[in-house]
Structure formats: C-alpha cells, structure tokens
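**Student:** show me how the following folds:
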Amino acid sequence: MKDKKYIALYRSIKNKINHGEYKSGEKLPSKRVMASVSGCSLITVENAYRMLIDEGYIEPKERSGYFVGKAAFHDGAEKENTQKKLQLLCEDRPSFDGDYFEHSVWSKTVRKVLSERGRELFAKSPPDGCAVLRNAIAEYLLRYRGMFAQPEQIVIGSGAESLYEAAIRTLGRDRKYGVENPCYSQITTVYEGLGIAPSPLAMGSDGIKSRILEHADIDVLHVTPFHSYPSGVTASAPKRYEYLSWAKKQGGYIIEDDFDSEFYIPVNPIDTLYSLDDSERVIYINTFSKSLSPSFRMGYMILPSHLKHVYDGIMGKYSCTVPVLEQYVLSEFISSGNFERHLNKVRRAGSTRRQTYGECS
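**Tutor:** A predicted model of the protein is given here:
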C-alpha cells in the first residue's frame, strides 16, 4: 500500500534533516513554497509539518516560519541501521485443545464491553485490579464454589507465578517455606528467584507425609491439594484438616494453589483449604489458564483480611499486571453466566470421556 502523500513528504524532509541538507536552526520553505516545490496541497504540507513538530524535528516560530530543531540530528545511526537486516522470528503456532471453548461467545463479550464501557477501558487499573472483576469473582466463588470472600480481599494478577511472588513478598522472604516434593517446577523457580530455598516435603498417596510435615522446620506450607503436579495426588479430607491443624498450631500460613479444581467431576467438589479454614491462615490462589486457555494470563489471590493491609503496604505501589480491557471482558464473561456454562460443558465432556474410555490407571 502506498504511503499517504503527507507521510511521504514528512519522511523526505526528515531524511534531509538527518542527512544535513537542512541544518540545525535553518529556516524551512514556507508551507506555500513547499507545496509548490513538492507538487502537493497546502493541507498535505501542514500535516507533514505537524508530524515533524510533534517529533521535534522542526520548531514553529510565530510570524517567522518553521526552523530545523536545535537538537543534533545526524545520519550515522540511520545509515548503520539501513545496512542491517532483521532476522524475523518464525510465527508461533501454539497448540491448544480448545474444542470446548466457544470463541464466538468470547468475541461477543469483547464487542459488548467495548461498546458499553468506552472511556472506562482507558483508565489505569487500581493496584489490586478493577472492582468490577473482583466483584464478579467473589460472586462466582460463592455461587459456584460455595466459597465466601469479600471482594476487597481479592487481588488480580497475571498468572500463578506473579501471584506466588506477591504472596511470598507479603509474608516475607525471611520465613521458612515448604513445598511438595515433587511439585510444579515453576513454584521452586519463583522461590529461587527471590533468593529462597524452600524445603522439599515428601509426598504420600494423599498428600505430604504426616511424619515429614510434623518435623519440618518451616513457617509457610505451599501446597496444591486438589491436583498436585506431577504426582497427580489429591489431598484427602483428613489430610486437609491436618494441614490446617499444622498452620494453627505453628502460627504459620498455607499458600493454597487450587489448580484444576473447577473440573472436578462429582457433584459435590472437595472443600478447599480456604473454605475449611476458621483461623485465617490460608492464602488462596487460582488462575484462568486451565479453565479458559493458557493465553489468558489472569489469576486471583484471596488474602486473609488481616494480611490485606500488609499486602497493600508492600505491593500497593506496583501497578496491576493485567490490562483493564481484559479485566472488564472477563468480568462480563463471568457475570453473564458464560463462564459457568463453559465449565459445565467441559465437565460433561470429561465425564463422557471417562464413561467411554474408562479411568486411566
């Protein structure tokens, strides 16, 4: 596609300035003269000059005309760059099993938000995330999961890793942390990145072995009780109460990563540690990477109310890592019931697969 005339003129004048044909402080031809010389309209010259002014190449002086800016422009870097050739990357073709994700519904949701929210989408997100999404998540958790959390306890973040770090920074890097062994590799990567060497706690058939937990020299227990990866272990109800008892007895905390729990097939899902906790010792983390798509780098963390002010003091100065548009779209997707319909569709498909092919051993 050919450049518009004013862009071509802008580039021509810019190149002359960079190559020294128009020197710093030199007066440029008037707009009428430039229009005559270049064979274009006065409006074309005005648009080109306006672009050059915006970028600092020229300076307008009232009743005097336009002058080359005083900043030193030279052609060295430009010549050097034109001699280099970009080595473009191959286009990514990521695989995603999205058979059950209704892209048309998500597209309609995006259009609805763009149409109705308008200028709101250009405002900066609060550090904890937009209230509309925090409200939607709180209502969803109560309605669909039976979990009660005030919206003000909820913090929005871009995926599990950023929320792990936020939880660790809130509790303090001077604490002693314990993780499942084996565990999701990114968990230990985050800890190591913060200069922490977490204690690996051996797993049994229903969670961390009782003897190991009892004698562990730790203050914080980081667990994935629903579906630990890569072991696939799900903590039993007695084991969950054991974790909570440990936290209460030690005065410690539990970071609960509730990965994959939305797809639990039985009618009554196992209670989360957060739901069973009566002493506010659990920090709950979940994301939409599994339930929607890995490309949705959005997750949330629920903090005990007495830790929220600690979090605000430490993390409140940082910006939210999730774009406002994505927050509004997800909140609409949840509030409209589309998210729950999507989960139920995937759960039914999973149940059918199990009945047809049998459980894997």
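
**Student:** what about the helices in the stretch 1-150 of the chain?
**Tutor:** With DSSP state H, counting those that start in this stretch as the criterion, the stretch 1-150 of the chain has helices at 5-18, 31-38, 42-54, 76-82, 103-117, 131-140.

**Student:** what's the closest of the ones you listed to residue 195?
**Tutor:** Between residue 195 and the helices of the stretch 1-150 of the chain, the shortest gap by C-beta to C-beta is with helix 131-140, which sits at 30.8 Å. For the C-beta atoms, the positions are set from N, CA and C on the backbone; glycine is no exception.

**Student:** next SSE after the closest one?
**Tutor:** Using DSSP states H and E, the helix or strand that follows helix 131-140 towards the C-terminus is strand 154-157.

**Student:** quick check, pLDDT for the residue most central in space within the chain.
**Tutor:** Nearest residue to the geometric centre of the chain (C-alpha atoms, centre = their mean): residue 158, 2.3 Å. Here, the pLDDT recorded for residue 158 equals 91.

**Student:** could you do the one 5 residues further on as well?
**Tutor:** According to the per-residue confidence, residue 163 scores 95 in pLDDT.

**Student:** where does pLDDT dip in the stretch 201-350 of the chain?
**Tutor:** Low-confidence segments of the stretch 201-350 of the chain, defined by pLDDT under 70, are located at 260-269, 349-350.

**Student:** so what's residue 299 closest to, chain neighbours aside?
**Tutor:** residue 287 (3.3 Å; C-beta to C-beta, 6 or more residues apart in numbering).

**Student:** can you tell me the number of residues neighbouring the one you found?
**Tutor:** Here the number of neighbours of residue 287 (other C-beta atoms under 10 Å) works out to 24.

**Student:** quick one: it and residue 161 touch, right?
**Tutor:** No: counting by C-beta atoms under 8 Å, residue 287 does not reach residue 161; the two are 9.6 Å apart.

**Student:** who's in contact with residue 186?
**Tutor:** Taking C-beta atoms under 8 Å, 6 or more residues apart in numbering as the criterion, residue 186 is in contact with 160-161, 164.

**Student:** hmm, try it at 10 Å
**Tutor:** Applying C-beta atoms under 10 Å, 6 or more residues apart in numbering, we find residue 186 in contact with 159-161, 164, 229.

**Student:** residue 339 and residue 288 touch, don't they?
**Tutor:** Yes: the pair residue 339 / residue 288 is scored as a contact, 8.5 Å apart, by C-beta atoms under 10 Å.

**Student:** ranges for the strands of the chain?
**Tutor:** In the chain, the strands defined using DSSP state E lie at 58-61, 65-68, 154-157, 177-181, 199-202, 220-223, 253-257, 282-287, 299-302.

**Student:** got a markdown table for the ones you listed, with distance to residue 21 too?
**Tutor:** Formatted as a markdown table, those follow (distance: least, C-beta to C-beta, whole Å):
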| stretch | distance to residue 21 |
| --- | --- |
| strand 58-61 | 13 |
| strand 65-68 | 10 |
| strand 154-157 | 52 |
| strand 177-181 | 64 |
| strand 199-202 | 68 |
| strand 220-223 | 64 |
| strand 253-257 | 62 |
| strand 282-287 | 56 |
| strand 299-302 | 55 |
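
**Student:** more neighbours: residue 339 and residue 288, which one.
**Tutor:** Higher neighbour count among residue 339 and residue 288: residue 339, with 24 against 21, using other C-beta under 10 Å.

**Student:** against residue 138, how distant is the residue lying closest to the more buried one once chain neighbours are set aside?
**Tutor:** The shortest distance from residue 339 to any non-neighbouring residue, by C-beta to C-beta, 6+ apart, is to residue 333 (5.3 Å). From residue 333 across to residue 138, the span is 15 Å (C-beta to C-beta, to the nearest Å).

**Student:** neighbour-wise, which of these two wins?
**Tutor:** Legend: neighbour count by other C-beta under 10 Å for residue 333 and residue 138, higher for residue 333 (23 against 20).

**Student:** returning to that earlier point: got a list of what the residue nearest to residue 299 touches?
**Tutor:** Counting by C-beta under 10 Å, 6+ apart, residue 287 touches 157-163, 257-259, 294, 296-301.

**Student:** one more: residue 300?
**Tutor:** Going by C-beta under 10 Å, 6+ apart, residue 300 touches 128-129, 133-134, 137-138, 141, 149, 153-157, 163, 284-288, 322.

**Student:** now the buried members of the residues you listed.
**Tutor:** Buried subset of those (neighbour count, 16 or more other C-beta atoms under 10 Å): 128-129, 133-134, 137-138, 141, 149, 153-157, 163, 284-288, 322.

**Student:** quick one on the thing from earlier: now a PyMOL select for only the buried ones of the contacts of residue 186.
**Tutor:** Those of the contacts of residue 186 that count as buried under 16+ other C-beta under 10 Å are selected in PyMOL with:
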select buried, resi 159+160+161+164+229
